[in-house]
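Novice: Coordinates for the following, if possible.
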Amino acid sequence: MKRVFLIVLDSVGIGEMPDAAEYGDAGSNTLLAASKSRHFSMPNMRKLGFFNIDGVRIGEKEENPLGSYARMEELSKGKDTTIGHWEIAGIVSKAPLPVYPQGFPDDLIEEFKRRTKRGVLCNRPYSGTEAIKDYGERHLRTGDLIVYTSADSVFQIAAHENLVPTETLYEYCKIAREMLQGEHGVGRVIARPFTGACGSFVRTLGRHDYSLEPPGITMLDQLKAEGYDVVSIGKIIDIFAGRGITEYQRTSGNAEGIRQTIAYMKREFNGLCFTNLVDYDMLYGHRNDVDGYAKALTEFDMQLPKLLENLGKEDVLMITADHGCDPSTASTDHSREYTPFLMIGEGVPAGINYGTRKGFCDIAATILKCFGLSVQCQGISII
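Specialist: Numbering: from 1, shown residues only. Next up, the predicted model:
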């Protein structure tokens, strides 16, 4: 193969895994929840075989699917973005990344205050929009940084751009990233700049993630070392701390991510284009917006024919997810779910059900096989 386009529909899980109850996610099914909205429609994904995947309980199955498909079972201990993407790229994490449901330890916060020479507000799990609403005025008055976390393994820092220039906020995040290693090695430190006046604060597009480096070799490392192009679209570059990437485009959301992917389909390159479409998770799953989630899935389905039209004869399109985030449950956290895998291209067989695969890492092995490379990371090729 000449090119592989791998698209991650961030948080589009397809049903609880056997150990979901251990994560507080018994009964979670992101796709099923979204399908109950009147805004849900995915006829083009159905043609690929989406509804034929083992355990998918919605829609009618396609008699002659255009693609092949599988249900992916996560082997890593976790249900977050970082661990999910690492496993897609060939690393199985034996331990979950640390989370802080009571906020970060006092000694860690005191050290952060000492290094940044600023105070800290909040320091507990919080909605990002609510954090700036509740603490923004005090932040402007005192100069203290708004530090908060979530159910994910994250350390987030919010600051008003008029008080803390974005580049300075990034420096504070680098300080936090340097501190948060080992025992406190959270998956991501996230800059959350905002602007506006009291009562009408809004987050800007200046978000920046500072991730842990993957703890082992990934398919991205291997492809880059072999001289292939590795293109990141969306937050892939942040998830992998820039490692194994040769070119990147950040995006403002799903629509731009799809446009950028199609633009790369029209360009000449040889290797992997790795896209993350984040809106399902960030805008709808975490906010329990079932209709918004359904609309976003429908919008992707409407764009799928354009993706397929621009797929070359030596190209493969793969579609998967990294975890679930059921928008219909009381929780706003990610959910421990199986994920879908769809694959289409002239060089791969169509209409084959590969069943349930043990490990997202089989995607990495499959991509490496597409390029005729041996597998140095974890995983067994699907084809």
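Novice: And the contacts of stretch 176-186?
Specialist: Contacts with stretch 176-186, where a contact means C-beta atoms under 8 Å, 6 or more residues apart in numbering, come from 97-100, 104-105, 108, 111-112, 115, 149, 153-155, 157, 189, 210, 212. Using the backbone N, CA and C atoms, a C-beta is placed for each residue, glycine as well.
Novice: From those, which land in helices?
Specialist: Those of those mapping onto helices are 108, 111-112, 115, per DSSP state H.
Novice: So which of those wins on neighbours?
Specialist: Within those, Phe112 tops the neighbour count with 22 neighbours, counted by other C-beta atoms under 10 Å.
Novice: thought that residue was touching Ile157?
Specialist: No - counting by C-beta atoms under 8 Å, Phe112 stays clear of Ile157, with 9.1 Å between them.
Novice: secondary structure class for the residue sitting furthest away from the middle of the chain?
Specialist: Ranked by distance from the centre of the chain (C-alpha atoms, centre = their mean), the top residue is Arg141, with 35.1 Å. Under the three-state scheme (DSSP: H, G, I helix; E, B strand; the rest coil), Arg141 adopts helix.
Novice: residue contacts, it?
Specialist: Arg141 sits next to no residue when contact means C-beta under 8 Å, 6+ apart.
Novice: Repeat the analysis, applying 10 Å as the threshold.
Specialist: Listed by C-beta atoms under 10 Å, 6 or more residues apart in numbering, the contact partners of Arg141 are 163, 198.
Novice: same question, the one 5 residues further on
Specialist: Contacts for Ile146 were tallied using C-beta under 10 Å, 6+ apart; they are 120-123, 126, 128, 131-132, 134-136, 138-139, 156-160, 192, 194.
Novice: So which of those are in helices?
Specialist: Judged by DSSP H, those include 128, 131-132, 134-136, 138-139 as members of helices.
Novice: same for the longest helix anywhere in the chain, what does it pack against?
Specialist: Identified as the longest helix of the chain according to DSSP H is helix 290-309. Packing partners of helix 290-309 (3 or more C-beta pairs under 10 Å, 6 or more residues apart in numbering; DSSP states H and E): strand 3-9, helix 30-35, helix 43-48, helix 254-265, strand 271-277, helix 279, strand 315-320, strand 339-344.
Novice: what's the angle from it to strand 271-277?
Specialist: Relative orientation of helix 290-309 and strand 271-277, computed by axes from the mean of the first three to the mean of the last three C-alpha atoms, to 10 degrees: 160 degrees.
Novice: any idea of the mean pLDDT for helix 290-309?
Specialist: For helix 290-309, the mean pLDDT works out to 98.
Novice: Kindly format the C-alpha coordinates of stretch 292-303 as CSV.
Specialist: What follows is stretch 292-303, C-alpha atoms only, in CSV (Å, rounded to 0.1, in the frame of the first residue of the first chain):
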residue,chain,number,x,y,z
GLY,A,292,-25.5,16.8,19.6
TYR,A,293,-23.6,13.4,19.5
ALA,A,294,-26.1,12.0,17.0
LYS,A,295,-25.8,15.1,14.8
ALA,A,296,-22.0,14.8,14.8
LEU,A,297,-22.2,11.1,13.8
THR,A,298,-24.7,12.0,11.0
GLU,A,299,-22.4,14.8,9.7
PHE,A,300,-19.5,12.4,9.5
ASP,A,301,-21.6,9.9,7.6
MET,A,302,-22.6,12.6,5.2
GLN,A,303,-18.9,13.3,4.5
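Novice: tell me which residues in it are buried?
Specialist: For stretch 292-303, a neighbour-count test (16 or more other C-beta atoms under 10 Å) marks 292-301, 303 as buried.
Novice: three-state assignment of the closest residue to Asp281 other than its chain neighbours?
Specialist: Ranked by C-beta to C-beta, 6 or more residues apart in numbering and with sequence neighbours excluded, the top spatial neighbour of Asp281 is Ser11, at 3.7 Å. Under three-state DSSP, the three-state class of Ser11 is coil.
Novice: For Glu111, see how far away Pro105 is.
Specialist: From Pro105 across to Glu111, the span is 10 Å (C-beta to C-beta, to the nearest Å).
Novice: for Val147, that is, sorry about that
Specialist: Applying C-beta to C-beta, the value for Val147 to Glu111 is 12 Å.
Novice: do Ser374 as well
Specialist: Per C-beta to C-beta, Ser374 is found 44 Å from Glu111.
Novice: Kindly report the same for Gly13.
Specialist: Taking C-beta to C-beta as the measure, Gly13 falls 37 Å from Glu111.
Novice: just the CA coordinates of stretch 95-113, formatted as PDB?
Specialist: C-alpha atoms of stretch 95-113 as PDB (Å, rounded to 0.1, in the frame of the first residue of the first chain):
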ATOM      1  CA  ALA A  95      -1.500   0.200  34.700                       C
ATOM      2  CA  PRO A  96      -3.900   3.100  34.400                       C
ATOM      3  CA  LEU A  97      -2.700   6.700  34.400                       C
ATOM      4  CA  PRO A  98      -3.200   8.500  37.700                       C
ATOM      5  CA  VAL A  99      -6.400  10.400  38.300                       C
ATOM      6  CA  TYR A 100      -7.200  12.900  41.100                       C
ATOM      7  CA  PRO A 101     -10.900  12.800  42.200                       C
ATOM      8  CA  GLN A 102     -10.000  14.800  45.300                       C
ATOM      9  CA  GLY A 103      -7.700  17.200  43.500                       C
ATOM     10  CA  PHE A 104      -3.900  17.200  43.400                       C
ATOM     11  CA  PRO A 105      -1.800  16.700  46.600                       C
ATOM     12  CA  ASP A 106      -0.900  19.800  48.600                       C
ATOM     13  CA  ASP A 107       2.800  19.300  48.200                       C
ATOM     14  CA  LEU A 108       2.600  19.100  44.400                       C
ATOM     15  CA  ILE A 109       0.400  22.300  44.300                       C
ATOM     16  CA  GLU A 110       2.800  24.100  46.600                       C
ATOM     17  CA  GLU A 111       5.700  23.200  44.300                       C
ATOM     18  CA  PHE A 112       3.800  24.400  41.300                       C
ATOM     19  CA  LYS A 113       3.000  27.700  43.000                       C
END
